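K.L.:
Requesting a structural model of the entry that follows:
(one chain, ligands or ions: 1)
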Amino acid sequence: MAKTIVPVKLHEKLTVTIKEIRQNGMGMAFLEGWPDYPIYLADAMLGEEVEIDIIQVDKYSAYGKILAWVKESTGRKNQNRQYLIEAGTAPLVNWAYANQKEFKQQIVQKNFHDAGLKVTVADPITMDTTPTYYRNKTVVPLKWQDGQLLSGFYQRGSHHLVPMEDYYVNDARVDQVIVIVREILAKRGVSAYDPDQEEGAIRYVMVRRGYYSQQLMVVLVTNEENLPDEAGLVADIVDALPDLTSLILNFAPKKDYVQLSANNRVLFGSATIEDTLLGKKFLIGPNSFYQVNPVMTEKLYQKAADLADLKPTDVVVDAYAGIGTIGISVADRVKEVIGVEVVPGAVLDAKKNLALNQIDNASYIERDAPDQFEDWQKQGIRPDVVFVDPPRRGLTPKLIEKTAEMGPDRVVYVSCNPVTAARDVALFKDLGYEVKGSVVPVDQFPQTAHIETITVLQKRED
Ligand SMILES: C[S@@+](CC[C@H](N)C(=O)[O-])C[C@H]1O[C@@H](n2cnc3c(N)ncnc32)[C@H](O)[C@@H]1O
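P.N.:
Next up, the predicted model:
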């Protein structure tokens, strides 16, 4: 077999310049004569010159580790939190926020360009308050090591736990709670799940906290149906957390990476916590999706509603609805909202949220969105505005086709992945829709390479 020729050797030391930043925030350098063989580098900024050690060599690319900076970017603001780089949880932690903003705008522009679309991308809406300590939720693994119970994050794609207590992007109380719960579990000698051995009790600890309400939910995600001396454990946690609203055991005996099962048992307090968005109240259960950056979520929904140009006569679809946050936040301004969401617990929450906010012109259905769109289309439903807010994989061609057949005047596409958003917008274009105005990035995830976008599609009049 012919040996593949690559331009680098494992542990070769090189000096390179960063020519490009990849979608996931990794720097890319190239050796002369090898324009198609990127060397990926974490914690690199555009234009920086760095000394590197090659740590992985593949057929089409290599990975390096930066040993020293020969020339630093003026946008570098080192935070001395290299564990965040190692775990991959905050890859842009050492970038000035202005550079993060510029990068994200360019990435969105590139994704739409690559999908064959000529669009303008607005200045990202950014987090004007400090763009750190914003996440209202985290799910962390635990590991016993040398007689100590550690919490942190698995390094991307591995079971190597990077210990951390200051996550930098979590609400500071969320960080504290993880440590408090971990110490109680440690004192009681509770075992932690080992993904390689497939044994041990606690898989993850999930903490979620209401931004306005300050209500606290702790979920022990377990590999065992009952924990040793459960009553004593609950008493210890309740004693240590005066702000605890909900303590849940989620029995999730699965080998894969799925984090929570649908199997919840309330150990203390209520099954949900409450929070507020744009003046509306929301009950949030452990399995329900709820945007992680509450400050920016209000800006996101506000902007999406403004761009939707809502009218009191409008029938509005809220698809991929979660607990109904988008539909409920616009219901007062329109004639009717019909929503669809696939996770049963989230739909239950959405229904409760309608009652909680005394909204009687909205309804939510538990269903796969493309299937429900097909039914709505057959039933002759003709919405004026369709909001879609899918997971990272984006929409399906079927959903896009059924939307176009229902023929709404406007489609407001909220997306957490500009690659799939651009792909889907191109399909909408083929089916009679035009991008109205600019694509608007909203920085829901400072310090990471992720970016949310809002794209409004207007039905062409031809
Ligand atoms: C990005 S979240 C948005 C939720 C909500 N709009 C919000 O802002 O909180 C995407 C939602 O789509 C739901 N979902 C995933 N696949 C779905 C499908 N095939 N049909 C309907 N909903 C789905 C997920 O459960 C999740 O609640």
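K.L.:
need the strands for the stretch 151-300 of the chain, in chain order.
P.N.:
Secondary structure of the stretch 151-300 of the chain (DSSP state E, counting those that start in this stretch): strands at 161-163, 202-209, 216-222, 244-251, 264-269, 273-277, 280-284.
K.L.:
Q379: which of those strands is closest?
P.N.:
strand 280-284 (28.3 Å; CB to CB). Every residue, glycine included, has its C-beta placed from N, CA and C.
K.L.:
mind exporting the closest one as PDB, just the C-alpha atoms?
P.N.:
Extracted C-alpha coordinates of strand 280-284, given in PDB (Å, rounded to 0.1, in the frame of the first residue of the first chain):
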ATOM      1  CA  LYS A 280     -43.900  36.400  31.000                       C
ATOM      2  CA  LYS A 281     -43.500  33.600  33.500                       C
ATOM      3  CA  PHE A 282     -42.200  30.100  32.600                       C
ATOM      4  CA  LEU A 283     -42.200  26.800  34.400                       C
ATOM      5  CA  ILE A 284     -39.100  24.800  33.400                       C
END
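K.L.:
partners of it in the sheet?
P.N.:
According to DSSP bridges, strand 280-284 forms sheet pairs with strand 273-277 (antiparallel).
K.L.:
these two touch, right, V70 and I18?
P.N.:
No: applying CB atoms under 8 Å, one finds V70 not in contact with I18, separated by 11.2 Å.
K.L.:
joint contacts of those two?
P.N.:
Common contacts of V70 and I18, defined by CB atoms under 8 Å, 6 or more residues apart in numbering, comprise 49-50.
K.L.:
These two: which is more packed in?
P.N.:
For V70 versus I18, neighbours defined as other CB atoms under 10 Å are more numerous around I18 (22 against 11).
K.L.:
ok now do the more buried one, which residues does it touch?
P.N.:
Residues near I18 by CB under 8 Å, 6+ apart: 27-29, 41, 44-50.
K.L.:
Also P294?
P.N.:
Contacts for P294 (CB under 8 Å, 6+ apart) come out as 134, 136, 211-212, 275, 277.
K.L.:
mind listing what the residue of the chain found nearest the ligand touches?
P.N.:
At 2.9 Å from the ligand, G322 is the closest residue in the chain, using CB to the nearest ligand atom. Shown in contact with G322 (CB under 8 Å, 6+ apart): 288-290, 341, 343, 346, 350, 389.
K.L.:
how much space between it and V425?
P.N.:
22 Å (CB to CB, to the nearest Å).
K.L.:
for A29, same thing?
P.N.:
A29 is 32 Å from V425, by CB to CB.
K.L.:
now swap in E225 and tell me
P.N.:
From E225 to V425 the distance is 46 Å (CB to CB).
K.L.:
And S213, by the same measure?
P.N.:
Per CB to CB, S213 is found 36 Å from V425.
K.L.:
Which one's more surrounded, these two?
P.N.:
Set S213 next to V425 and count neighbours by other CB under 10 Å: V425 wins out with 28 against 16.
K.L.:
ok, the more buried one touching L431?
P.N.:
No: the pair V425 and L431 does not pass the contact test of CB under 8 Å, sitting 10.8 Å apart.
K.L.:
Need the overlap of contacts for these two.
P.N.:
Counting by CB under 8 Å, 6+ apart, nothing touches both V425 and L431.
K.L.:
to the chain's geometric centre, what's the distance from stretch 97-116?
P.N.:
Stretch 97-116 has its C-alpha centroid displaced from the chain centroid by 18 Å (CA atoms, centre = their mean, to the nearest Å).
K.L.:
Show me the contact partners of it.
P.N.:
Contacts of stretch 97-116 with the rest of the structure, by CB under 8 Å, 6+ apart, involve 21, 23, 25, 45, 73, 75, 92, 95, 119, 121, 123-124, 126-127, 131, 418-419, 421-423, 425-426, 439, 441, 443, 446-447, 449, 451, 453.
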